[in-house]
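Q: My questions are about this predicted structure, shown below with the sequence.
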Amino acid sequence: MAIIEARTPLQLDSGPVPARPMGVFARPTTEQTGWKSWLTTVDHKKIGIMYGVGSFFFFLIGGGEALLIRLQLARPDGKLLSAALYNQVYTMHGVTMVFLVVMPMAAAFANYLLPLQIGARDVAFPRLNAFSFWCWLFGALYVNSSWFLGGGADGGWFNYAPNSGVLFSPSHGIDFYSTGLLIAGIASLVSSANLVVTVVNMRAPGMTWFKLPVFTWMNLVVQFLLLFSLPVITVALFLLTFDRLFGSNFFDAANGGDPLLWQHLFWIFGHPEVYIMILPSFGIASEIIPVFSRKPIFGYPFMVFSGIAIGFMGFGVWAHHMFATGMGPMSVMAFSLATMFIAVPTGVKILNWLATMYGGRLRFTTAMLFAVGLVSMFTIGGLSGVSHAFAPADTQQTDTYYIVAHFHYVLFGGALLGLFAGCYFWWPKIFGHLLNETLGKWHFWVTLIGFNLTFGPMHILGMQGMSRRYFTYSANQGFNLWNMVATVGAFTIAVGLLIFFANIAVSYSAHRKNPVPCPADPWDSRSLEWMVPSPTPEYNFAEIPVISELDEFWHRKYGHDENGRLARIAKSEDVVEVGGATGIHLPSPSYWPIVLAAGMPFIGYGVIFSLWWALLGGVLVIAGLIGWVLEPSTDPEAGHDHHEAPVSDDAPAGELAEAPAEGAAAPELEEAPVG
Amino acid sequence: MRKEPHIHRLRRVAIGATVAGSLLLAGCGALRDDSGRPLTTLNPKGKQAQSIDDLVSPVFWVAGVVFVLVQVGVIYMVIRFRRRADDVDGVDEPVQTHGIPALEWAWTGLPLVVLVALGVLNAKTILDLEKTPDDAIDVEVYGQQWWWEYRYDVDGDDQPDIITANQMVIPAGRHIHLKIRSNDVIHSFWIPQLNGKMDSVPGRTNDWSIEADKPGLYQGTCTEFCGLSHALMRMEVKAVTADEFEAWKDEQLKPAVKPADGTLAAEGWDEFKTNCASCHQVNGMSYKFEKETDGAPDADYGDGQVSLTSGNAPNLTHLLSRNQFAGNLFALHTKNGEVNEAELGSWLRDPSAMKPMAADQFRGMPNLNLSQDQIDKLVAYLSTLK
């Protein structure tokens, strides 16, 4: 009693730091370095890097699964994999690539760049951000642990009922799928709320909505899509878990359930999910093409509104995945017509990218090559998409390799090429050195050729009647040639990926040998992240910039001459921050996000195997929550003193007409969030 | 001043694009050929498939034009506006265009107009494909792991009079109205040359149509993932003339004939009753194991007694009137017209070795551990089911 009366843990007053009550651990400090600092970090940049590393790790797994699929199908009557194993491999390939590669890689960029692009020091809730990452990682490892615990899920990533029921899939693979995606879903849901709040609340002074970079806009749309679509898949996964593990009958027609309920719920999530995967890459292309064309993005409002329109329309077209389920002609017509018109905002984006390049002065760095590759390849995926918006045509195309070709042109030709573009573009900002351009170009061309060799022939295979999810085919079906070509293509892509990894290693060791500091602005770029030193200092901005233009950083470097041509008004070096700032208050690291997240997979194992595991998981979650709540805010009074080194104070007066006066940032924005 | 060499290069690009485009068109023409491609969607042989093709052709053309325009646009931008070695920074800088709203509205509006036009065509085709004439012939289609069953009600009493599997026989030139159902998971019925696909969904009856212009064999395949042997769940439609169809029906309506006593086939019938009849129906012979009937098939054969998850195994009454068995996978006849005893025997010996199934979970045909003697007898009996 005496202790409580003396001081409650939540009482955080100034003055000497009080003795900690029992059970409240000290917070780790930012002075920590090495691997421990990664486990406890709440820094959006470190979290972004970890998302990136994690997604490439799972890319290797999902890519390996893709190669197994292609080896099995290289020739008719393939014997490499049994039907049972093939079904697991293709299912896990889809699950891995969607949930463990494309989404987290996009999350890596969103995490790293969103605060920088809006001129903030971190996201709104840094500890929640760390929790999102660990929750995703543990969920991802948990799903893949199924390989060692009785086999992977074997119902396809779409996992249609009732084939997903215990009667038809008695192994635990689909239980790992349902509980694992629930865990990963928690991660994405928390992260989406976090990033929405960040973009809405933490923009630098003067950064109105229409001065937001297109990348940030597209990611904001994506976060809203996640926020509204994840609850739907969560419901579906809960129903599935209950059907499989607790004997309910939501999808069992014989007992009054409906298998189509799963399809509706799945695709109400699943279609927005397509845009969740592609819009971040649209954002990346919209950053890179202007920089290397030396022109502003053509039709900024159209780019923004078309992205928003795609987001809205994405929620109204889910049943186009179900044209062959017998929904009735009126439903089919409504969804068919609605789907056709998504082509309009998507087409606007492609034409605006082309118009951005028109009249520009294009520098073909690797980043630009990948971005232009996206424009070209995504167009193919978009056009094949229009062809199956026509419901009667879709009844010939759906569930064939034509669809496989289509969505790989969207997700590889669109999303992944964009993400590779982003890797080359932002690598210097993140790691402080450039990637090797020669190897980068090899990476691009080998990938582009391999990609088209793999997925181009699949259009033909589909139109010749080869269905998806076939573990084999017969020699007399006419599928031999193009399957072999696709397999050769898949290994070409693998070579491309190896070149990328080699590039990372080569560039890193070259930088180690000859550590020339990378300039803050190596590409002569436009948005705020290029104003801070490379690699980004922990506090991001020494001074929060005051924004008066779209592409604020560019406008601090360039004006127009009387003919509307570009004219330099200041050197990059004179505009960028110099770093070395001290005394900036940043959120302290925390042990609790990883503890809380670590409980999740144990709850999953508990639901599948024995509830005792769930008890352990529950204890971790509750301990994590309590620790989280009671965690002291380290020295809340620290860091309020204004640091000494103002930015670019050696720049001649007058040259930086738009630069903010020293200390002009509003005092409340000086502080990073402590949540 | 710098334009001349670019124009040369552009001309070369234009020539290249024309050549590539012609090759592409020639390739598309070749794709339409169905020889060696029994499942192609590009060679319609029936009314419904034709109207889909009539819809998709203009869509492909529009898409093709857009494809060429965008790709040529990309290549043009890349070549024409590439930074050149002699560019001077600060001098050869691009004009800073932020957008041309009129242009952007135009390329928002133009696709809209094209899509509205195609949308009308789309809506019309969707409604056209729904039409079923009064004289359509009904066939019930049941999907189950991993084969298809067809039921014909010949006398209009709502009870099936013919139950057959894998091969659906229809008269050419007649509209066939399919009622598609499932006995276990979702499958999808698809004969690409006759129509698109329609799912068989548990608890639902989905209406679908096919019509073959001419007599012939039309291959099909299950195209909604349905588990282990999804890839090996095939079927075919045999379109025949009206007379042949009537003759086929008469033949199918006959019950099976009991083999003469003392023959190997008669011993096979005894084996069949012990080992096969709990799942497989032979009209007029195996009804409820011992009780013989008038020869009409039982729609609920083995109800409550069959251990299969789907509750259903192929009706074998006129097995040899079909081309293939086990999900239209293996030929029932050799090239010289004899019964394919080798593969029938292999199948009876170990079905899962020939087609992946989950017999231990009551899905697919189990391995009955038959002796060679039993297999010989059974094959002899099956050879009488013509």
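A: Looks like it arrived, so ask away.
Q: In contact with the residue of the stretch 251-386 of chain B found nearest chain A, which residues are there?
A: Residue nearest to chain A within the stretch 251-386 of chain B: residue B:356 (3.8 Å; C-beta to the nearest C-beta). C-beta here means a position set from N, CA and C on the backbone, and glycine is covered the same way. Counting by C-beta atoms under 8 Å, 6 or more residues apart in numbering or on different chains, residue B:356 makes contact with A:82, A:83, A:84, A:471, B:228, B:229, B:232.
Q: So the third one: helix, strand or coil?
A: Right, the one you point to is residue A:84. Remark: residue A:84 carries the secondary structure label helix [criterion: DSSP: H, G, I helix; E, B strand; the rest coil].
Q: Three-state assignment for the residue of the stretch 251-386 of chain B closest to chain A, please.
A: coil.
Q: how close does the residue lying closest to it once chain neighbours are set aside sit to residue A:466?
A: Spatially, and ignoring its direct neighbours in sequence, residue B:356 is nearest to residue A:83 (3.8 Å; C-beta to C-beta, 6 or more residues apart in numbering or on different chains). Distance of residue A:83 to residue A:466, given as C-beta to C-beta, to the nearest Å: 16 Å.
Q: Which of these two has more residues huddled nearby?
A: residue A:466 (27 against 21; other C-beta atoms under 10 Å in any protein chain shown).
Q: Roughly how far does the more buried one sit from residue A:472?
A: Shown here: residue A:466 relative to residue A:472, a distance of 11 Å by C-beta to C-beta.
Q: and what of residue A:246?
A: From residue A:246 to residue A:472 the distance is 36 Å (C-beta to C-beta).
Q: In terms of neighbours, single out the busier of those two.
A: Per other C-beta under 10 Å, whichever of residue A:246 and residue A:472 has more neighbours is residue A:472, with 18 against 8.
Q: quick one, what contacts the residue nearest the centre of chain A?
A: Per C-alpha atoms, centre = their mean, the C-alpha nearest to the average position across chain A is that of residue A:106, at 1.9 Å. Residue A:106 sits next to A:219, A:222, A:276, A:277, A:280, A:281, A:415, A:419 when contact means C-beta under 8 Å, 6+ apart.
Q: repeat that with 7 Å
A: Going by C-beta atoms under 7 Å, 6 or more residues apart in numbering or on different chains, residue A:106 touches A:277, A:280, A:419.
Q: which of the residues you listed has the most neighbours?
A: Using other C-beta under 10 Å as the neighbour test, those are led by residue A:280, with 28 neighbours.
Q: helix/strand/coil for the residue in the stretch 1-150 of chain B that chain A sits nearest to?
A: Scanning the stretch 1-150 of chain B for proximity to chain A using C-beta to the nearest C-beta identifies residue B:39 as nearest, at 2.6 Å. Classification of residue B:39 using three-state DSSP returns coil.
Q: Next: residue B:140.
A: Classification of residue B:140 using three-state DSSP returns strand.
Q: and it, how far is that from residue A:109?
A: Remark: distance between residue B:140 and residue A:109 (C-beta to C-beta) = 53 Å.
Q: Also residue A:444?
A: Here the criterion is C-beta to C-beta. By it, residue A:444 lies 18 Å from residue A:109.
Q: Which strand or helix spans the nearest residue to residue A:86 once chain neighbours are set aside?
A: Among residues not flanking residue A:86 along the chain, residue A:471 sits closest, at 3.7 Å (C-beta to C-beta, 6+ apart). Using DSSP states H and E, residue A:471 sits in no helix or strand.
Q: Residue A:471 is in contact with residue A:80, isn't it?
A: No. In this structure residue A:471 lies outside contact range of residue A:80 using C-beta atoms under 7 Å: 9.8 Å.
Q: that older thread, give me the pLDDT for the residue nearest to residue A:86.
A: pLDDT for residue A:471: 97.
Q: what does residue A:631 give?
A: 85.
Q: which ones are touching it?
A: Going by C-beta under 7 Å, 6+ apart, residue A:631 touches A:27, A:590, A:592.
Q: can I get these in CSV with distance to chain B and pLDDT?
A: Output for the contacts of residue A:631, formatted as CSV (distance: C-beta to the nearest C-beta, whole Å; pLDDT from 0 to 100):
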residue, distance to chain B, pLDDT
A:27, 48, 76
A:590, 44, 91
A:592, 42, 93
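Q: The closest residue to residue B:198 other than its chain neighbours bridge partners, please.
A: Distance criterion C-beta to C-beta, 6+ apart; nearest residue to residue B:198, sequence neighbours excluded, is residue B:208 at 3.9 Å. When bridges are called by DSSP bridges, residue B:208 pairs up with residue B:178.
Q: ok, residue B:208 touching residue B:178?
A: Yes. Here residue B:208 lies in contact with residue B:178, judged by C-beta under 7 Å, at a distance of 4.4 Å.
Q: Close to chain B: what parts of the stretch 201-350 of chain A are there?
A: Counting by C-beta under 7 Å from any C-beta of the partner chain, the stretch 201-350 of chain A comes close to chain B at A:253, A:258-260, A:294-296, A:298-300, A:302, A:324-326, A:329, A:332-333, A:336-337, A:340-341, A:343-344, A:347-348, A:350.
Q: SS state for residue A:265?
A: What three-state DSSP gives for residue A:265 is helix.
Q: got the contact list for it?
A: A:232, A:233, A:235, A:236.
Q: if we take those, which one ends up nearest to residue B:244?
A: residue A:236 (49.0 Å; C-beta to C-beta).
Q: State the distance from the closest one to chain B.
A: For residue A:236, the distance to chain B (C-beta to the nearest C-beta, to the nearest Å) stands at 16 Å.
Q: Isn't that residue up against residue A:261?
A: No. With contacts defined as C-beta under 7 Å, residue A:236 does not count as touching residue A:261, sitting 8.2 Å away.
Q: what about the two, which has more around it?
A: Shown here are residue A:236 and residue A:261; by other C-beta under 10 Å, residue A:236 has more neighbours (26 against 15).
Q: what bits of chain B have low per-residue confidence?
A: Along chain B, segments meeting pLDDT under 70 span B:1-10, B:286-294, B:303-304.
Q: if we go to 80?
A: Along chain B, segments meeting pLDDT under 80 span B:1-14, B:16-18, B:20-31, B:89-91, B:285-295, B:302-306.
Q: any idea how it splits into domains?
A: The record's domain parsing of chain B by automatic domain parsing lists B:3-86+B:96-130, B:137-386.
Q: burial count for the residue nearest to residue A:297 when sequence neighbours are not counted?
A: Once flanking residues are discounted, residue A:297 sits nearest to residue A:290: 4.8 Å by C-beta to C-beta, 6+ apart. If you count neighbours by other C-beta under 10 Å, residue A:290 ends up with 26.
Q: Residue A:290 and chain B, how far apart?
A: From residue A:290 across to chain B, the span is 10 Å (C-beta to the nearest C-beta).
Q: Just the element for that residue, please.
A: Secondary structure from DSSP H and E places residue A:290 in helix A:259-293.
Q: in that helix, what's buried?
A: Across helix A:259-293, burial judged by 16 or more other C-beta atoms under 10 Å in any protein chain shown covers A:259-260, A:262-293.
Q: for the contacts of residue A:106, which one is nearest chain B?
A: Scanning those for proximity to chain B, where the rule is C-beta to the nearest C-beta, the winner is residue A:419, at 19.7 Å.
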